[in-house]
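Q: from the sequence below, what's the structure:
(one chain, ligands or ions: 1)
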Amino acid sequence: MQHKDKLMTTTAEIYTRDSTPDATTFMSARDLDSHGFFVTPLLSPGQSILDVGCGPGTITTGLAEHVFPGEVTAVDLSPTQTACARRLAEGREIVNIHFATASAYELPSRDCEYDGVFAHALLEHLSRPMNALAEFRRVLRPGGFLAASSPDWDAFEINPYPQPVRRAIAAYREIMKAHGGDPCAGAFLAERVEISGFTLLHRGSWKEEYEDTSFITGYLARQLVAARLPEHAEALNEWATNPRASFRQQWNYVTAAKPSYRGLRSLVTE
Ligand SMILES: C[S@@+](CC[C@H](N)C(=O)[O-])C[C@H]1O[C@@H](n2cnc3c(N)ncnc32)[C@H](O)[C@@H]1O
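A: Numbering: from 1, shown residues only. Below you'll find the model as predicted:
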């Protein structure tokens with residue numbers, strides 16, 4: 001058996017990084033305040049929330065604290081990630097999270113089950129984001145909300161940006177695409193959410209600036225090495241030694257509601 005590192009879904013989509021300790025460390029730097037701030041105005045005690053692609057759970061635990069005594073269901077395709085998130089929740093004595101290892105395309109949930117669905121850094125890894133959005137809509141109650149965020153690599157600000165680094169970033173983007181993902185998914189997020197039948201509440205973007213540029217370049221470089229592209233990895237690592245180097249990653253986010261059609265029903269009965 002190959003390493004779980006390469007998870008395949010029914011569409012031969014590959015989530016490249018999966019559950020390597022490297023990826024887990026990288027994702028674990030996030031929390032609700034830093035990366036999920038756009039959902040907090042919609043959270044309230046008692047809600048039931050689904051976190052799809054929960055990863056190591058550092059954002060999930062923040063969701064759980066906000067909705068307590070409501071509950072969060074945390075789903076990830078990788079059993080290593082759900083196990084990691086479970087350990088984190090147990091360590092923090094958070095009792096209102098349920099975990100499930102499942103695909104965003106086939107959620108283990110009933111129709112209209114949740115008050116909110118949250119998907120951070122997931123849709124850019126999916127070859128069929130519209131199918132996942134339809135599934136999110138299915139499990140949301142009418143009037144429930146979706147909050148999602150994905151990066152737009154076209155809007156990243158990398159300075160300085162010499163040719164070898166451009167080529168390395170281009171190579172990394174190609175790896176993402178070859179694995180069924182879309183580095184610019186964030187650019188299409190709002191449009192896709194609307195086409196999926198949600199009413200947009202808010203859209204926005206922010207730039208994540210890496211104080212230590214080697215945190216992000218090292219992460220990308222290790223994946224380039226794994227893809228047998230060491231020259232690109234080297235270019236990134238060397239770039240990060242420049243004390244004036246800056247790497248600003250663009251995240252686009254949306255919040256949206258599943259229409260309740262109450263208005264339509266009243267039109268029909270009148
Ligand atoms: C980039 S990580 C994001 C983790 C977390 N949401 C965060 O932002 O820190 C993407 C996560 O989505 C999961 N994933 C990838 N494809 C998936 C799918 N089809 N269904 C459910 N989870 C998936 C991966 O295993 C991984 O944990």
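Q: and the residue in the chain positioned nearest to the ligand, what is it in contact with?
A: Nearest residue of the chain to the ligand: Gly55, at 2.4 Å (CB to the nearest ligand atom). C-beta: built from backbone N, CA, C; applies to glycine. By CB atoms under 8 Å, 6 or more residues apart in numbering, the contact set of Gly55 is 24, 27, 76, 81, 84-85, 121.
Q: ok, 10 Å please
A: 17, 19, 23-24, 26-28, 30, 74, 76, 78, 81-82, 84-85, 120-122 (CB atoms under 10 Å, 6 or more residues apart in numbering).
Q: what about it, which SS state?
A: coil (DSSP: H, G, I helix; E, B strand; the rest coil).
Q: need phi/psi at it.
A: Here is the backbone geometry of Gly55 (degrees, to the nearest 10): phi 60, psi -140.
Q: before we move on, what about Thr101?
A: Torsion angles, degrees, to the nearest 10, at Thr101: phi -90, psi 110.
Q: pLDDT score for it?
A: Note on Thr101: pLDDT of 98.
Q: from Leu88, how far out is it?
A: 16 Å (CB to CB, to the nearest Å).
Q: the two: which has the busier surroundings?
A: Leu88 (17 against 14; other CB atoms under 10 Å).
Q: contacts only, for that one.
A: So Leu88 contacts 28, 56-58, 60-61, 94, 97 (CB under 10 Å, 6+ apart).
Q: now flag whichever of those residues is closest to Tyr219.
A: Ser28 (12.0 Å; CB to CB).
Q: list the contacts for the closest one?
A: Counting by CB under 10 Å, 6+ apart, Ser28 has contacts 55-59, 84-85, 88.
Q: tell me which helix or strand Gln250 sits in.
A: strand 246-257 (DSSP states H and E).
Q: anything in that strand near the ligand?
A: No. Residues of strand 246-257 are not located near the ligand by CB under 6 Å from any ligand atom, the shortest gap being 9.8 Å.
Q: given that strand, what are its sheet partners and their directions?
A: Sheet pairing of strand 246-257 (DSSP bridges) gives strand 140-151 (antiparallel), strand 157-159 (antiparallel), strand 199-209 (antiparallel).
Q: narrow the contacts of Gly55 to those in helices?
A: Judged by DSSP state H, the contacts of Gly55 include 23-24, 26-27, 81-82, 84-85 as members of helices.
Q: neighbours of Asn242, just the number please.
A: 12.
Q: how near is it to Thr60?
A: Asn242 is 36 Å from Thr60, by CB to CB.
Q: ranges for the helices of the stretch 51-200 of the chain?
A: 60-67, 79-91, 129-139, 163-178, 185-195 (DSSP state H, counting those that start in this stretch).
Q: starting at the chain centroid, how far to the strand holding Gln250?
A: In terms of CA atoms, centre = their mean, to the nearest Å, the centre of strand 246-257 is set 10 Å apart from its chain centre.
Q: dump that strand to CSV, keeping only the CA atoms.
A: Provided in CSV are the C-alpha atoms of strand 246-257 (Å, rounded to 0.1, in the frame of the first residue of the first chain):
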residue,chain,number,x,y,z
SER,A,246,8.0,39.2,1.9
PHE,A,247,5.3,36.7,1.1
ARG,A,248,1.6,37.8,1.3
GLN,A,249,-1.0,35.1,0.6
GLN,A,250,-4.4,36.2,-0.5
TRP,A,251,-7.4,34.6,1.0
ASN,A,252,-10.9,35.2,-0.4
TYR,A,253,-13.9,34.5,1.7
VAL,A,254,-17.7,34.5,1.5
THR,A,255,-20.6,34.1,3.8
ALA,A,256,-23.9,33.1,2.3
ALA,A,257,-27.4,31.9,3.2
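Q: list the buried residues for it?
A: Residues of strand 246-257 classed as buried by neighbour count (16 or more other CB atoms under 10 Å): 247, 249-257.
Q: and the angle for that strand with helix 185-195?
A: 10 degrees (axes from the mean of the first three to the mean of the last three CA atoms, to 10 degrees).
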